[in-house]
Every structure is written in C-alpha cells, then in structure tokens.
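*Asks:* Following is a predicted model, sequence given first.
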Amino acid sequence: MSLRVATWNINSVRLRADQVARFVAERAPDVICLQEIKCRTGEFPEQAFRDMGLSHLKVMGQKGWHGVAIASRHPIEDAPDTKACREGHARCVSGVIKGVEIQNFYIPAGGDVADRALNPKFDHKLDFYEALTREFGRRDPSRPLLLAGDFNIAPGENDVWNHRHMSKIVSHTPVEVETLRRLQASLGFVDVVREAIPEPEKLFSWWSYRALDFRKSNRGLRLDHLWASPGLHPAVAKKTARVHDDVREWERPSDHAPVTVDLAV
C-alpha cells in the first residue's frame, strides 16, 4: 500500500485546523507531521482530526510556543525519543506507522546572530543538530526511518531566493549548512524532495508574511524537509515528493507550505 506523509509547520493548529481539514480532503495524506502547533497537549483539537479521518494522534504540546504532533489514519506505535532539545521545549515527537519510524522535529530558528558565543539561541540550534547527529550516527541504516519537520536551514544555493545575500543570514550561513550536512551524512539520509525536484530548480517552502504578494516577491526558503534512511529509500515512490505551495495562497495561511512524499509500505 501507499503511505502519503506530509510535514507542515502549521503556525497554530487551533487557528488553522480548518485548513488542515481542507488539505486532508484535497490531498489525502495518511500521516501529517505538524510543527509549531502553539498549544498545550490537552488543548490540541483532537475531535477535528478524528473528523478528518486522522484519529491516531501523538502530541507534544507547550504553552504558547513550539509544539509538535503526528496525526495518522493508522495506529502509531512507540518509537525512540531523541531528547535533542536541551531547553526542554516540545520540539520532538516520534512514532512507528506501518513499520516506518517517523521522527518529527521543529528545530530552533537560531535568532539573528550567527555566532555561538554571542547568541545563545544560535548555540542552542547547533547543539540540537549535534545531538541529532550523535543519535542517528548510532542507528542501523538498514531500518526504515523518515526524518520530517521544519529544520530551519535551507541547505542549497537554490533553496534560497538569493544565495549571496542569505549566506550572511541565519538559516543559510555556511556553519549551519555544514552542520545540517553532517546530520544528513550521519546515517546517509536521502533528501527525497531534492531527489524528486533536482537542482538547479529553485524550491521554497516558506515565505515571509511581510510580502504582500509572496509569489511576486518570491523571497522564499526551503526550510521544511523529508529525509529517508537508506533502509527506507527503496520505498520512496519516485517523483512523488512535492511542496504544496498553492496552500500558501489560502486565506490566513501559515507562512510554511506543506511538503509530502509517498511511500510504498
């Protein structure tokens, strides 16, 4: 069977539960990994998700900020917790669905100054990546594992609207890109979105709210990722990964668009 997995920084799940319902009705994901749900665990709109057919839930909420969740049509079994966030934020949630381990992350943005000594938020971001790199470096690459989420780094020159300018801005600085690449190499993860839509095509999943017309300005970044382990990669249906950028046009949208991939499980 096919398993369609989506990742989406929803930027408040209670505010946009109706948009999730529309997305589910139109694009038929089997699993949605959400970030920045911005509610406590008990405040998550569970009934709305049951009504969508996503009745199996795993939620890690937090008052006011952060928060992640996995919503699925199929049962969610337990998976190892990564405990990558030293600050104790609700930024990691995991589960096994149809034999595939899914790890969903909302990695810190890192503030405005790309200096670990001067900016504790940036140090936290790199520390989070380093913890993940250690964790997945110990894993068996033959096991089916999908990393999903808002990684808050746009790695490639064509994952940002202007490489030269963005190389000085947190989210695309050389130290961040190198840190992300080390995580990717830790288990040999495949960036399934870039595999489906290869360079040099420009590809973004986030656009600032500051632009009145995000398509006209098109100053986007590819911050949202889906990575497959070597053991999962053969199950990735070719050319199915995509960014649903039209969702960014909906009324009062998140600043992030959903990203999906189909797996043969």
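*Replies:* Good, I have the coordinates.
*Asks:* Low-confidence stretches in the stretch 101-250 of the chain?
*Replies:* Applying pLDDT under 70 to the stretch 101-250 of the chain picks out no residues at all.
*Asks:* That one: helices as residue ranges?
*Replies:* 120-137, 163-166, 174-187, 192-196, 214-217 (DSSP state H, counting those that start in this stretch).
*Asks:* which of these sits most buried?
*Replies:* helix 192-196 (a mean of 20; mean count of other Cβ atoms under 10 Å). The way it works is simple: take the backbone N, C-alpha and C, and place the C-beta from them, glycine included.
*Asks:* helices or strands next to that one in the packing?
*Replies:* Secondary-structure packing of helix 192-196 (3 or more Cβ pairs under 8 Å, 6 or more residues apart in numbering; DSSP states H and E): strand 224-228, strand 242-243, strand 259-264.
*Asks:* circling back to that earlier point, could you provide the helices of the stretch 101-250 of the chain in a markdown table, with additional columns for distance to Glu77?
*Replies:* Formatted as a markdown table, the helices of the stretch 101-250 of the chain follow (distance: least, Cβ to Cβ, whole Å):
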| stretch | distance to Glu77 |
| --- | --- |
| helix 120-137 | 19 |
| helix 163-166 | 39 |
| helix 174-187 | 20 |
| helix 192-196 | 22 |
| helix 214-217 | 38 |
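*Asks:* Let me know which of those helices is the nearest to Phe49.
*Replies:* helix 192-196 (24.6 Å; Cβ to Cβ).
*Asks:* And the contacts of that closest one?
*Replies:* 156, 203, 222, 225-228, 233, 236, 238-243, 259, 261 (Cβ atoms under 8 Å, 6 or more residues apart in numbering).
*Asks:* Just the buried residues from the residues you listed, in PyMOL please.
*Replies:* Here is the PyMOL selection string for the buried members of those, based on 16 or more other Cβ atoms under 10 Å:
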select buried, resi 156+203+222+225+226+227+228+233+236+241+242+243+259+261
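*Asks:* mind putting the helices and strands packed on helix 192-196 in TSV, distance to Ile107 included?
*Replies:* Formatted as TSV, those follow (distance: least, Cβ to Cβ, whole Å):
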stretch	distance to Ile107
strand 224-228	10
strand 242-243	18
strand 259-264	15
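*Asks:* Looking at the helices of the stretch 101-250 of the chain, which is nearest to Arg16?
*Replies:* Nearest to Arg16, of all these, is helix 214-217, at 16.6 Å by Cβ to Cβ.
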